[in-house]
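Chemist: attaching a predicted model along with its sequence, questions to come.
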Number of protein chains: 2
Amino acid sequence: MSKQETEKVRVFALGGVGEIGKNMYGIEVDEDIIVIDAGLMFPDDDMLGVDIVIPDVSYLVENEERVRGIILTHGHEDHIGGLSYVLKKINVPVYATKLTLGLVEEKLKEAGIHRHAELRLIDSNSRIKLGNTPVSFFRVSHSIPDCVGVCVETSQGAIVHTGDFKFDQTPVDGKHADIGKMAAIGQKGVLCLMSDSTNAERPGTTKSEAEAGKGIKDVFARTKGRLIVTSFASNVHRIQQVIQAASATNRKLAVVGKSMVRVISIAGKLGYLKIPKDLLIDMDEVNKHKPEKVAILTTGSQGEPMSALTRMAKGAHRHITITPNDTVIIAATAIPGNETSVSAVIDQLYRIGAEVIYGSQAVHASGHGSQEELKLMLNLMRPKFFLPIHGEIRMQHAHQQLALQVGIKKERIYIVEKGEVIEFTKQQARRGPKVPSGHVLIDGLGVGDVGNIVLRDRRLLSKDGILVVVVTLNKKTNTIVSGPNIISRGFVYVRESEELLEKSNELVTSILQKCVTENVNEWSSLKSNIREGLSRYLFEKTKRRPMILPIIMEV
Amino acid sequence: MSKQETEKVRVFALGGVGEIGKNMYGIEVDEDIIVIDAGLMFPDDDMLGVDIVIPDVSYLVENEERVRGIILTHGHEDHIGGLSYVLKKINVPVYATKLTLGLVEEKLKEAGIHRHAELRLIDSNSRIKLGNTPVSFFRVSHSIPDCVGVCVETSQGAIVHTGDFKFDQTPVDGKHADIGKMAAIGQKGVLCLMSDSTNAERPGTTKSEAEAGKGIKDVFARTKGRLIVTSFASNVHRIQQVIQAASATNRKLAVVGKSMVRVISIAGKLGYLKIPKDLLIDMDEVNKHKPEKVAILTTGSQGEPMSALTRMAKGAHRHITITPNDTVIIAATAIPGNETSVSAVIDQLYRIGAEVIYGSQAVHASGHGSQEELKLMLNLMRPKFFLPIHGEIRMQHAHQQLALQVGIKKERIYIVEKGEVIEFTKQQARRGPKVPSGHVLIDGLGVGDVGNIVLRDRRLLSKDGILVVVVTLNKKTNTIVSGPNIISRGFVYVRESEELLEKSNELVTSILQKCVTENVNEWSSLKSNIREGLSRYLFEKTKRRPMILPIIMEV
């Protein structure tokens, strides 16, 4: 048999399908495992208190000796934010373009694992070999420079992973997507295309980043007072255009917010940002300039409670306070789940009396291609099999509809969830056995020590609070020595509910005395009697179900 | 002086401005207070555990003898949902149209105050007098039948309150908005217009409810399997069109979900729904019919966790389980704050393999007018002063922009927050002293007993959980008799954090012993020593800040 017939190819997602964020994909070619991206995700509403979420990589840990490397498609958090955690578990080389590596290095330094990491620079023209498997790249447009798609060459044809992409006909940095190269890959033969589904529900074509820049420039040109602009720190193209708008209108620019300062520093150093001399000022100099001669570029586009913009709006920022004479440009849209906090900041700005430019007012462009662009990608690649990735299930389904429109047969489209494996043999595909996958929750320094039980408790506590019932018993004499004391947190105002708590106390006392009389001296049944009795009473009186925590002290 | 010069007019909002929901407005004409609507709001994300929110009506309670009545513009929860709470505090007549009264009666029965309530039927042609003040009405289109705008006639001109409205040129019930009447009111002279801002950010014209009906009919016509449709229970027009679609395609229709059953029963009884004989079946009969011969109309359009649709999607509904052969129509959009839960249900339906029709797929139409309609209302009424109401501040500002476009001067537009009062004398307006206003939180049976402290505790608990530290001391001998015991809920997995909890125990013991040695026997300082010491230690080890609750028992 020729190699063509024996090489076994498998693809799977550890994150990024059935969800927005924590993108991480595996491509296996015989013994080689190639990983694409290692992102993080922000927690869902029900992951109370969790800071970030990363993929479960236990499959990679188990097969570490076969993992040839991690390729990063671009420098956004949902593609690189999990890397420092992953590299603590497996020590494998990381491949990325210059800007992406610059952003990654900084993160690894913060995590203290910079020295051990093996970082390898590529560009969109690189051809590398991971194990026995050749890998090449192609440039795509997105809301950060230096983005690549990945082409893993197998004997059955190429596995193509688009990364995040749009087709921007007027890119800010003048670097167009490699359409010719994509067409050539398609002509050579694509076994499977894995393509970005983020905007699969949106008809038409995503507007060019240059249009968002034009919108921002227009606002700069017509505004008399001070300007405050917020965007994603990682949107280097947008930042470049804000810099140009400030420069063109003779305004100094102050950069505020840790991540904004960091990205501008890295992108500037690496040549991805052109910053005119004497444009930037420190934030404590803002008030030294006339309002019409200054602009502020800040974090906070998602309404994050601790971000610089939110603090400026609340009057809680050290140097800058928003005034009724300011104009604020929100040059971003809310990512799903952040709608409420973004609206809250906009409303707060209006409350102050500032002018606010946001939403459909032409100061934002998505970084992801819409339906016509997704169809173009499908037509360029003409894949045998298609996996819609990067998106919630409904977006994957919408992407499937587009694939059907361009003539891909339904049985050749696989909508996968995390951990599902598609195996290719002899150019046929089928679902194989799953690999482990899931959410690893990060809360403070803890990685994975918050799980379902802890979250369930937090949910219960958040809903109706807690009543702690403490009693000290003399185990020998079977008598109450002290208590019961009932302490409430998050349940009711104690002052307004004295009677309720007094009655609760009486109830617990009577339950205890009954138990003592009946010689129920198993602590566990004592506790469950208190829990059930009190819970029933409180629900009847208040229709609430606080957590009840009986504690019995023994002397 | 003539009456014209002496009559004093004041308007204010107790709810519905700077927020979506709990609409409630006051119009004062000399000694008469006329209240418009008494709505509820669903809690914000940070109102943990709260069920609903209603306006603070203490101003009305203080001035009960002057309150001439509450006028309800239509039967939606954000306009009538607070009424049963308000009527428990003030006993005043309620004026509403037939369908609205029907829905209100049911709610008052549930609250047990039906017998005391004084309900008075009006229609859009009624002219009534509240105290000395004449009030008339005009019909508007919205997503429920029998909606009115209110015209309060004063010597200075009319105060017009639009209610919720759109201009639907092809209304489902054939009843058009009273445009001629509105124009006549405008010609006679409007002192102040209070108009619905909900869709002030949307360009163009809102599409007709009939178009949503056509979209639903199209899906019914082309679908081979079983159909499940969800919408707001109160959208009687939409329900009518689902009934017609089922009837036209020879499907039986099962109605599922408490509020859906209730609305259909009331609207059917009062003649607002035409239901063909033999169309409706019980939900336990659904499985007796072939899938292509049955449709289900259900609650759950907002992804509510306990709603019928969510339970059907999770396989937790008693009679109906969604299958891969079903088609589900979500004939509604997510109201702000519900985006995530609606998405979760759509994704769950796709996960099952069902077809899902939602969003922009032409099965929904908003009930609120867009920019062109809002400008039409402004042009019909030609008010001297303008108050954009019903909406978040950004929507009120967007509405202000529209008013400026049609020629209303900025100094005649008032963007008010809850409690702010606009006073009119001699056809001049100014801001007057505020009236009390705010949120009253309802949690279970408790009205107003959950406030900032309780919410702050719930937020803390939800973020990092709680550690309860209990110790029994002998106050006479100043020795530890029992404990310290540390119990954790929602903080860490106990099993995976044994060392951390052990170390915490040692720390607390040493703090206690030090205090005992130093004769710190003030409980409060003992407790704060434990709280601070343990908090510092845990933050250093975990970067988390659980609530720490020290409890000292005395024997």
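Modeler: Yes, it's here.

Chemist: report the buried residues of the helix or strand hosting A:Val219.
Modeler: Here A:Val219 sits within helix A:209-222, counting by DSSP states H and E. When burial is assessed from 16 or more other Cβ atoms under 10 Å in any protein chain shown, helix A:209-222 yields the following buried residues: A:Glu209, A:Ala210, A:Glu211, A:Ala212, A:Gly213, A:Lys214, A:Gly215, A:Ile216, A:Lys217, A:Val219, A:Phe220. Using the backbone N, CA and C atoms, a C-beta is placed for each residue, glycine as well.

Chemist: what's the spacing between the second one and A:Leu380?
Modeler: The spacing between A:Ala210 and A:Leu380, counted by Cβ to Cβ, to the nearest Å, is 23 Å.

Chemist: please name the nearest non-neighbouring residue to A:Phe385.
Modeler: A:Cys192 (4.4 Å; Cβ to Cβ, 6 or more residues apart in numbering or on different chains).

Chemist: how near is that neighbour to chain B?
Modeler: 21 Å (Cβ to the nearest Cβ, to the nearest Å).

Chemist: give the buried residues for the helix or strand containing A:Ile548.
Modeler: A:Ile548 is part of strand A:547-554, with elements assigned from DSSP H and E. Buried residues in strand A:547-554, defined by neighbour count with 16+ other Cβ under 10 Å: A:Met547, A:Ile548, A:Leu549, A:Pro550, A:Ile551, A:Ile552, A:Met553.

Chemist: stretch A:281-298 too?
Modeler: Those would be A:Ile281, A:Met283, A:Val286, A:Pro291, A:Val294, A:Ala295, A:Ile296, A:Leu297, A:Thr298, for stretch A:281-298 by 16+ other Cβ under 10 Å.

Chemist: what's the answer for stretch A:365-380, then?
Modeler: So, applying 16+ other Cβ under 10 Å, buried residues of stretch A:365-380: A:365-371, A:373-378, A:380.

Chemist: tell me which of those residues fall in helices.
Modeler: A:Gln371, A:Glu373, A:Leu374, A:Lys375, A:Leu376, A:Met377, A:Leu378, A:Leu380 (DSSP state H).

Chemist: pLDDT score for the residue sitting furthest away from the middle of chain A?
Modeler: The centre of chain A is farthest from one residue, A:Thr477, which by Cα atoms, centre = their mean lies 58.2 Å away. Predicted confidence (pLDDT) for A:Thr477: 79.

Chemist: run a quick neighbour tally on the closest residue to chain B within the stretch 51-200 of chain A.
Modeler: Across the stretch 51-200 of chain A, the shortest distance to chain B (Cβ to the nearest Cβ) belongs to A:Asp51, at 8.7 Å. Other residues within reach of A:Asp51, judged by other Cβ atoms under 10 Å in any protein chain shown, total 17.

Chemist: okay but it is in contact with A:Val440, surely?
Modeler: No: at 11.8 Å, A:Asp51 does not count as touching A:Val440 under the criterion of Cβ atoms under 8 Å.

Chemist: now the common contact residues for those two.
Modeler: Residues within reach of A:Asp51 and of A:Val440 at once, by Cβ atoms under 8 Å, 6 or more residues apart in numbering or on different chains: there are none.

Chemist: nearest to B:Gly303, of the ones in helices among the buried residues of stretch A:365-380?
Modeler: A:Gln371 (25.1 Å; Cβ to Cβ).

Chemist: residue contacts, that closest one?
Modeler: A:Asn199, A:Ala200, A:Arg202, A:Pro203, A:Gly204, A:Leu402.

Chemist: from A:Thr223, how far off is it?
Modeler: A:Gln371 is 35 Å from A:Thr223, by Cβ to Cβ.
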